[in-house]
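**Student:** sequence and predicted structure are below.
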Amino acid sequence: MNAAAVLAQLETLGNPTDREGMSRFGISTEHALGIRMPVIQKLAKELKRNHELALELWQTKVHEARLLAVYLADPKQVTEDLMEQWVSDFNSWDLCDQTCGVLFDRTPFAFSKAKEWAQREPEYQKRASFVMMATLALHAKKSPDEQFLQFFPLMIAKADDNRNFVKKAVNWALRQIGKRSLTLNQAAIAAAEEIKQQPTKSARWIATDALRELQTPALSERLRLKASK
């Protein structure tokens, strides 16, 4: 199936009501059809991995075609240049999160791009940095704590960004990494305490919300048991 045929199929699946609903959740609908993620994921399973098709679908600029492309693309064929091309196209949080959490964080460039993108100014590019950190904490099971410790200075430095989709991603990264191990939990709590001292509303929210989760007795007990094995 080529990109034109897939796009035609996507157009039959579009729902105007769902498209209207997307805008209420802060998703750009300029090139959207209104298709829910489970439908896109089901279609991706039917089509199977197809990197060339993914590249063609991304070029259509259709929101759902790009979401589908994320599932069809092969992480082993993703280059740094492709990551730069795609991250510059991010125009909504869901496309950013799906691309980083389904595809980009499975590439050899994930850790370096997470650090690099933290210095970017565009909202969704900077969000991509911290989403990558959070999803690497979930998916990079064999990566040592040292690889994640390097992220905390970036969270501390960028916690003053009051843009909604940036501050929420910083908070997500802080919480997710802090739930990975006892060492990272302690480091995350220390980072949150430092962030809390910053004078901005975004920093105080990031820290207060993260500490609420990072300091729960249940999490502490789980991480202690994990460390003792």
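**Tutor:** On my side now, so go ahead.
**Student:** any idea which helix or strand in the protein has the lowest mean pLDDT?
**Tutor:** helix 16-24 (a mean of 84; mean pLDDT, DSSP states H and E).
**Student:** pLDDT wise, what is the closest residue to Arg19 other than its chain neighbours at?
**Tutor:** If the residues on either side of it in the chain are set aside, Arg19 comes closest to Gly34, at 2.9 Å by C-beta to C-beta, 6 or more residues apart in numbering. Using the backbone N, CA and C atoms, a C-beta is placed for each residue, glycine as well. Looking at Gly34, its pLDDT reads 93.
**Student:** got the buried residues for the least confident helix or strand of the chain?
**Tutor:** 18-19, 22 (16 or more other C-beta atoms under 10 Å).
**Student:** do the same with stretch 173-185
**Tutor:** By neighbour count on 16+ other C-beta under 10 Å, the buried set for stretch 173-185 is 173-182, 184-185.
**Student:** of those, which belong to helices?
**Tutor:** 173-178, 182, 184-185 (DSSP state H).
**Student:** neighbours of Glu116, how many?
**Tutor:** For Glu116, the neighbour count with other C-beta atoms under 10 Å is 16.
**Student:** mind listing what it touches?
**Tutor:** Ser129 (C-beta atoms under 8 Å, 6 or more residues apart in numbering).
**Student:** one more: Val131?
**Tutor:** Taking C-beta under 8 Å, 6+ apart, one finds 96-97, 100-101, 169, 172-173 in contact with Val131.
**Student:** what's the answer for Asn15, then?
**Tutor:** By C-beta under 8 Å, 6+ apart, the neighbours of Asn15 are 33-36.
**Student:** how near is it to Val39?
**Tutor:** Asn15 sits 9 Å away from Val39, going by C-beta to C-beta, to the nearest Å.
**Student:** next one: Thr200
**Tutor:** 40 Å.
**Student:** measure Pro38 to Arg163 for me?
**Tutor:** 29 Å.
**Student:** could you pull up the mean pLDDT of whichever helix in the chain runs longest?
**Tutor:** Using DSSP H, we find that the single longest helix of the chain is helix 123-139. Helix 123-139 comes out with an average pLDDT of 98.
**Student:** just checking, what packs against the helix or strand that that helix is followed by?
**Tutor:** Following helix 123-139 in sequence order, the next helix or strand is helix 145-149 (DSSP states H and E). The contact analysis (3 or more C-beta pairs under 8 Å, 6 or more residues apart in numbering; DSSP states H and E) places helix 145-149 against helix 123-139, helix 182-196.
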